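Novice: Structure, please.
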Amino acid sequence: MNTRYHIEGMTCEGCRSGVENILNAIPEISGAEVSLESKEAIIVFKQKLTIEALIEAIPAKYIITEKENYDLNTIYDNPVLEKSEVRQLFPLFLIFGYITSASVLINYSSWNIDDFMMDFMGLFYVVFSFFKILDLKGFFKSFAMYDPLAKQFPFYSWLYPFIEVGLGLMFLMRFNVNIALITTVLILGITTVGVTKVLIDKKSIQCACLGIALKLPMTKATFIENAIMLGMAFWMLVTMYL
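Specialist: Residues are numbered from 1 along each chain as shown. Predicted coordinates:
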């Protein structure tokens, strides 16, 4: 019995092979073939499994539906999926919390909002670049899927994590802060355009903000993350030049 299924959430060949291996390891399945391009799985059953059993068998980041019942709008409006995304994004929220707390503690004794924002932005860049550099090849593939500049100039994906390191050090050391702010507005502005397009098109793409180490989905949280950094950069540029 051959059955076709639609699978959302696969962003690379590793995802595809991982899902395929999991499906082929299920005793009731005699064979499964998964395609990354069509986001489709063709499964040959020894004994037919329910869709609930398949959902339980694969990681929560993947959304599997029977082909004839596939409806992208229904998937994105599903409250169960929204809760799952919140759980998946917990590491991102946790890191933001640590960066915010560290920035507050650094400036606690002599509070200054500009110093707080510079320390926050510096720590943000340094911490997030660390995760990207952990797997440069994986980051390259994910980032190039949505950043407009990386799509046009692939070498930019390789360079981006090191740009973040440089910007982070510039903010923390208070070195040419004006240049760091302008660069932040440019690179994050370009990335935000790509993120916005992904969200509007409701595509399933892996977020590269923390590299691929934590396998985060692209969501509104990614847009908000960029918006916070852009807002801080704009604020500081306005106060610096006006």
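Novice: care to break this protein down by domain?
Specialist: 2-78, 89-241 (automatic domain parsing).
Novice: now, of those domains, which is deepest in the fold?
Specialist: Looking across the domains of the chain with neighbours counted as mean count of other C-beta atoms under 10 Å, the highest average goes to domain 89-241: a mean of 17. All C-beta atoms are positioned from the backbone trio N, CA, C, and that covers glycine.
Novice: re earlier: switch the domains of the chain over to a markdown table; also include mean pLDDT.
Specialist: Converted to a markdown table, these look like this (pLDDT from 0 to 100):
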| stretch | mean pLDDT |
| --- | --- |
| domain 2-78 | 80 |
| domain 89-241 | 88 |
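Novice: residue closest to the middle of the protein?
Specialist: C207 (1.5 Å; C-alpha atoms, centre = their mean).
Novice: what's the helix or strand for G168?
Specialist: Counting by DSSP states H and E, the element that carries G168 is helix 155-173.
Novice: Not counting that helix itself, show me its contacts.
Specialist: 118-119, 121-126, 128-129, 132-133, 136, 139-140, 143-144, 147, 149-150, 175-177, 179-180, 183-184, 187, 211 (C-beta atoms under 8 Å, 6 or more residues apart in numbering).
Novice: residue ranges for the strands of the protein, please.
Specialist: Secondary structure of the chain (DSSP state E): strands at 2-8, 29-35, 40-45, 63-66, 209-212.
Novice: Tell me what angle the second one forms with strand 40-45.
Specialist: Angular relation of strand 29-35 and strand 40-45 on a 0 to 180 degree scale: 170 degrees, by axes from the mean of the first three to the mean of the last three C-alpha atoms, to 10 degrees.
Novice: which secondary structure elements does strand 29-35 contact?
Specialist: helix 13-24, strand 40-45 (3 or more C-beta pairs under 8 Å, 6 or more residues apart in numbering; DSSP states H and E).
Novice: Which one, of the ones you listed, ends up nearest to A60?
Specialist: Closest to A60 of the helices and strands packed on strand 29-35, according to C-beta to C-beta: helix 13-24, at 12.4 Å.
Novice: The lengthiest helix in the chain - contacts with which helices or strands?
Specialist: The longest helix of the chain (DSSP state H) is helix 177-201. Counting contacts by 3+ C-beta pairs under 8 Å, 6+ apart, helix 177-201 is packed against helix 113-134, helix 148-152, helix 155-173, helix 220-241.
Novice: what's it in contact with?
Specialist: So helix 177-201 is contacted by 118, 121, 146-149, 151, 160, 163, 167, 170-171, 205, 218-220, 222-223, 226-227, 229-230, 233-234, 236-237, 240 (C-beta under 8 Å, 6+ apart).
Novice: one more time with 7 Å, if that's ok
Specialist: Contact partners of helix 177-201, identified using C-beta atoms under 7 Å, 6 or more residues apart in numbering, comprise 118, 146-149, 163, 167, 170-171, 205, 218, 220, 222-223, 226, 229-230, 233-234, 236-237, 240.
Novice: so how far is it off the chain centroid?
Specialist: 14 Å (C-alpha atoms, centre = their mean, to the nearest Å).
Novice: Repeat that for stretch 94-105.
Specialist: Centre-to-centre, stretch 94-105 and its host chain are 20 Å apart (C-alpha atoms, centre = their mean).
Novice: Just the CA atoms of that stretch, as PDB, please.
Specialist: Presented in PDB, the C-alpha positions along stretch 94-105 are these (Å, rounded to 0.1, in the frame of the first residue of the first chain):
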ATOM      1  CA  LEU A  94      16.800  32.000  27.000                       C
ATOM      2  CA  ILE A  95      19.800  33.400  25.200                       C
ATOM      3  CA  PHE A  96      18.100  36.800  24.900                       C
ATOM      4  CA  GLY A  97      17.400  36.700  28.600                       C
ATOM      5  CA  TYR A  98      21.000  36.000  29.400                       C
ATOM      6  CA  ILE A  99      22.300  38.700  27.100                       C
ATOM      7  CA  THR A 100      19.800  41.200  28.600                       C
ATOM      8  CA  SER A 101      20.700  40.300  32.100                       C
ATOM      9  CA  ALA A 102      24.400  40.500  31.500                       C
ATOM     10  CA  SER A 103      24.000  43.900  29.900                       C
ATOM     11  CA  VAL A 104      22.000  45.200  32.800                       C
ATOM     12  CA  LEU A 105      24.600  43.900  35.300                       C
END
